Structures are given as structure tokens and as C-alpha cells.
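> Provided below are the primary sequence and the corresponding predicted coordinates.
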Amino acid sequence: MTLILTIDQEASIRQHATRDYPGECCGALIGETIGAGSYVRLAVPLSNRHEDGPDRRFRIADADLLQVEKIARRGRLNIVGFYHSHPDVPAVPSNYDREHAWEDYSYLIVETANGEPVSFRSWKLDLDAGRFNEENVQVSQCILEKSAEAQVQKLGF
Amino acid sequence: MSVIISLPTPLQRYAAGQPEVTVEAATVGEALKALTESTPALAQHLFDAKGNVRSYVNVYLGDEDTRYLQGNDTQVSSGDRLVIVPSIAGG
């Protein structure tokens, strides 16, 4: 499988990871899966609501995710995955990531070193095997859909 | 009453890839029961051993988490949409 992002989406995620450093950032990836590719149409930055704070963990509020689901449905799209950062830790899923992961979502992890994004890697859970498999990440030159971006801003994310 | 249930991406594989399923029900509990009768493989992902909705699965009616309404006894009307939202965390 390949996770396909636009250059604007990648930049947006990088900026989010830097902005939230030394905490973990998180967000949702709305898009569609065609063949072996998951095409991200919108990367939605979200607040990290983890009960232990943002230093080592992330949690997306259920109510926030509901709003993202609505945006996706309106666009006849799906949530294809989520992103989060690993501040000063390699972009490899932790045990905590694995314990909380769902099948069929892409989990894009951004490693930041001193606040600068240095690595993007994406993973998918193999539930039966109990492990993540890495997938390719491809960055394309497409232009972000401005109508979808405006919709997200209107909802206050 | 016809109720639409929206499935999150990870559960769609158990419903032949469909993002939503329409069932006949008068309550949230009846809707979930009808859903798992038509797609039995979903049951283990939605319910624990006691038959309760799993803690990391949330069922919304409109903008309300049905746990904070009347849970499975929450009444639904024809045309209502239930949205199943998985808990998302990591670190």
C-alpha cells in the first residue's frame, strides 16, 4: 500500500509537528483508497487531548473525530488514517500505538529532532499478526482543495 | 423505522466494504442488534463478552454520544443517523 499526500499537506503536517514540539501533534487524514493507494484529500490538524498530557501520547477527542467523519461523509470520502509526531523518537510505532491501533487506517508518524521534522513513515496494522507493516509514502504536487480547507476552518479546527 | 448506521473505515470490511448500513429499529440497542444480525462479524468488534458496547467504540446520535443519553435505550426516529466513532490514541 502507498499513502499519497500532496506537497501542501506534507508541509502542513510538518508545521504542525514543529508547532506542537516538544509535545506530540495529531490529526486526521481524509481521502479515498483506490487500488493499492490511499489518496489524502485533506489533512485535518486536531488537538491532542490525551489525559496524561501531550509529551508522550496523543488522543483525539471523540467529538472532534465525529466532526471529521461528517466532513468526510459530506465529500463522499473516508478517514484513511491519522498522523502524529514522535518528538525526538524514531517514526516507528510504539507498543502503545499498536495497542490502540485499528485495521485499515494508515498511521503516519513524523519524527521530529529538536522540533524539526526529519522523517515521515507510515504504517498499517496487521491485526492477525499483531504487528504494524510499513507502507510507502508518496508526496505529489497536487494543489490542496481550497473548498475543503475552508470547510475545516469554518468548523474551527 | 429506518435508521442509517455510519461505519468507520476499520469496520467497513465486515460489511462488504459499505460505509453505511440501513436497519429497522426503534432504539439504539435494536439498531446495533439489527446491524450485527445482518453482519455477524461486526459483533466482536462492537460488543464485549457481556454484550455491552466496547469502551473504545462510541455511538453518536446527531452530536450526542448515546452513552450520555439513554445508552441502548435511546429512542431513534425514522431517518436518524447513528455514527460509530472509534477511539483514536497512540504515542
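Everything's here; your move.

> Can you report how many residues neighbour residue A:131?
11 (other CB atoms under 10 Å in any protein chain shown). Just so you know, the C-beta spots here come from the backbone N, C-alpha and C atoms, and that holds for glycine as well.

> residues contacting it?
By CB atoms under 8 Å, 6 or more residues apart in numbering or on different chains, the residues touching residue A:131 are A:98, A:125.

> can we see that at 10 Å?
Contact partners of residue A:131, counting by CB atoms under 10 Å, 6 or more residues apart in numbering or on different chains, are A:93, A:98, A:123, A:125.

> How is residue A:56 assigned, secondary-structure-wise?
Following DSSP: H, G, I helix; E, B strand; the rest coil, we place residue A:56 in the coil state.

> ok, it to residue A:32 distance?
Using CB to CB, to the nearest Å, residue A:56 is found at 32 Å from residue A:32.

> where along the chain do the helices fall?
All of this is about chain A. Residue ranges of the helices in chain A, as given by DSSP state H, are A:7-20, A:62-74, A:95-100, A:146-154.

> try chain B instead
Using DSSP H, the helices of chain B run over B:9-12, B:28-38, B:43-46.

> Just the CA coordinates for the last one, please, in CSV.
To tie it back to what came earlier, the one meant is helix B:43-46. In CSV, the C-alpha atoms belonging to helix B:43-46 read as follows (Å, rounded to 0.1, in the frame of the first residue of the first chain):
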residue,chain,number,x,y,z
ALA,B,43,-20.4,-8.2,16.8
GLN,B,44,-17.0,-9.0,18.3
HIS,B,45,-15.7,-5.5,17.4
LEU,B,46,-18.7,-3.7,18.8
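
> Let me know whether residue A:99 touches residue B:89 as I believe.
Yes. Using CB atoms under 10 Å as the test, residue A:99 is close enough to residue B:89 to be in contact (8.9 Å).

> Tell me the residues of chain B that contact chain A?
Proximity of chain B to chain A, by CB under 10 Å from any CB of the partner chain, involves residues B:6-13, B:17, B:19-20, B:45, B:56-58, B:60, B:62-65, B:67, B:81, B:83-91.

> dump the residue contacts of residue 81.
Assuming you mean chain A. Contacts for residue A:81 (CB under 10 Å, 6+ apart) come out as A:3, A:27-31, A:33, A:38, A:40, A:43, A:102, A:104-108, A:122-124, A:135, B:9.

> Let me rephrase: I mean chain B.
With contacts taken as CB under 10 Å, 6+ apart, residue B:81 has the following neighbours: A:70, A:73, B:3, B:4, B:5, B:6, B:20, B:22, B:60, B:61, B:62.
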